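Undergrad: Give me coordinates for this.
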Amino acid sequence: MKAIQVHHVGGVEALTLADIPEPAPRPGRVLVRAAALGVNFIDTYHRSGAYPMPLPFVPGREGAGTVTHVGDGVEGFTVGDRVAWGFAPASYAEVVSLSPDDLYRVPADVPLDTAAAAMLQGLTAHYLVTSVHRVEPGDTVLVHAAAGGVGLLLTQMARSRGARVLGTVSTDEKESLASQAGAEVIRYDRMTDLTAEIPAAVRALTGGEGVHAVYDGVGRTTFDGSLASLRPRGMMALFGAASGPVPPFDLQRLNAGGSLMITRPTLGHFVATPQERAWRGSELLGAIADGSLHVRIGATYPLADAGAAHAALEGRQTTGKVLLLP
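TA: Reported below is the predicted structural model:
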């Protein structure tokens, strides 16, 4: 089968198309022929070596497809089932071997490419608004990169829970997308000092109060402005580092800012039990199926062009979800 492999960490040139054996059928595993594969920032961290992986490896964590083999001991799945996954290794391949615990059934009226686009970012958005800072009616929250894959889903989910959403974006196209999702837009591309101007814009929009929570997947360039945008006892959820890691900071700043809270969550800790996985997956895919949650696929690339997909993602050239098509 065709798969993307990384033999040495580095830039996008490290992603090479290879012919490798298909995974062998094994007890307790399910083989899935992939229809679409999600591209996420965590994949770029693995490729670059920021998050070390044993070499060589097949990157990727997310996708959707059709079951082709069910191993001995697996219950609840049959050949032909439509499934998706969002947190499984070695997914940039035509056939993926998966634990049944990683699989979510895809409703008949949800296309497989939409399911692939929704899983990791959708589950991330779900745990952020339900478990990190539980959004309540009347909350005001700040979402950075509001036209990105997570940002668009976060905005919709927070709005559906009764929140007002302020969203930062950097282009006219992204402003339009974030606005359609329900955000009041802040254009940080028109700012020269994000640390001062983002909180100033937030305070102007909130009568000086600030926001109940900030959802920040950008990291270094927005961190200081995010902290300064919170009202007393506000929550900062730093769930990514698209602009680079945040340097060490003085915890006393949280006291001075008004007993602020900060967390650095990751998806794995929020899908740790079968019950939690089932809850998040059913709410996410159910909302897509009933039309209350829209998933935007911003770009698709052939599997062989994984490097171009990574370059577009890292270059902030994308909106919504980026997919690889085997």
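
Undergrad: Next one: residue 122 relative to residue 68, how far apart?
TA: If you measure residue 122 against residue 68 using CB to CB, to the nearest Å, the figure is 25 Å. In short, each C-beta sits where N, CA and C put it, glycine included.

Undergrad: and if you look at residue 296?
TA: When residue 296 is compared with residue 68 (using CB to CB), they lie 29 Å apart.

Undergrad: swap in residue 130?
TA: Using CB to CB, we find residue 130 at a distance of 34 Å from residue 68.

Undergrad: Kindly report the same for residue 60.
TA: The spacing between residue 60 and residue 68, counted by CB to CB, is 18 Å.

Undergrad: Compare neighbour counts for the two and give me the winner.
TA: For the pair residue 60 and residue 68, the greater number of neighbours falls to residue 60 (26 against 15), based on other CB atoms under 10 Å.

Undergrad: Residue 4 is in contact with the more buried one, correct?
TA: Yes. In terms of CB atoms under 8 Å, residue 60 counts as a neighbour of residue 4; the distance is 7.2 Å.

Undergrad: Common neighbours of the two, please.
TA: 92-93 (CB atoms under 8 Å, 6 or more residues apart in numbering).

Undergrad: list the contacts for the nearest residue in space to residue 296 that is not next to it in sequence?
TA: Spatial nearest neighbour of residue 296, chain neighbours left out: residue 320 (3.1 Å); criterion: CB to CB, 6 or more residues apart in numbering. Contacts for residue 320 (CB under 8 Å, 6+ apart) come out as 117, 147-149, 152, 177, 295-299.

Undergrad: In contact with the residue nearest to residue 209 when sequence neighbours are not counted, which residues?
TA: Distances taken as CB to CB, 6+ apart place residue 231 nearest to residue 209, at 5.1 Å, with adjacent residues excluded. The neighbours of residue 231, taking CB under 8 Å, 6+ apart as the test, are 206, 209-212, 258.

Undergrad: and of those residues, the nearest to residue 283?
TA: residue 212 (21.6 Å; CB to CB).

Undergrad: Next, that closest one: secondary structure please.
TA: Going by DSSP: H, G, I helix; E, B strand; the rest coil, the secondary structure assigned to residue 212 is strand.

Undergrad: ditto for residue 45
TA: Taking three-state DSSP, the label given to residue 45 is helix.

Undergrad: State the distance from it to residue 82.
TA: According to CB to CB, residue 45 stands 29 Å off from residue 82.

Undergrad: Between these two, point out the one with more neighbours.
TA: More crowded of residue 45 and residue 82, by other CB under 10 Å: residue 82, with 19 against 16.

Undergrad: pretty sure that one contacts residue 106?
TA: Yes. With contacts defined as CB under 8 Å, residue 82 counts as touching residue 106 at a distance of 4.3 Å.

Undergrad: what touches both of those two?
TA: The contact lists of residue 82 and residue 106 share 64, 112, 115, where a contact means CB under 8 Å, 6+ apart.
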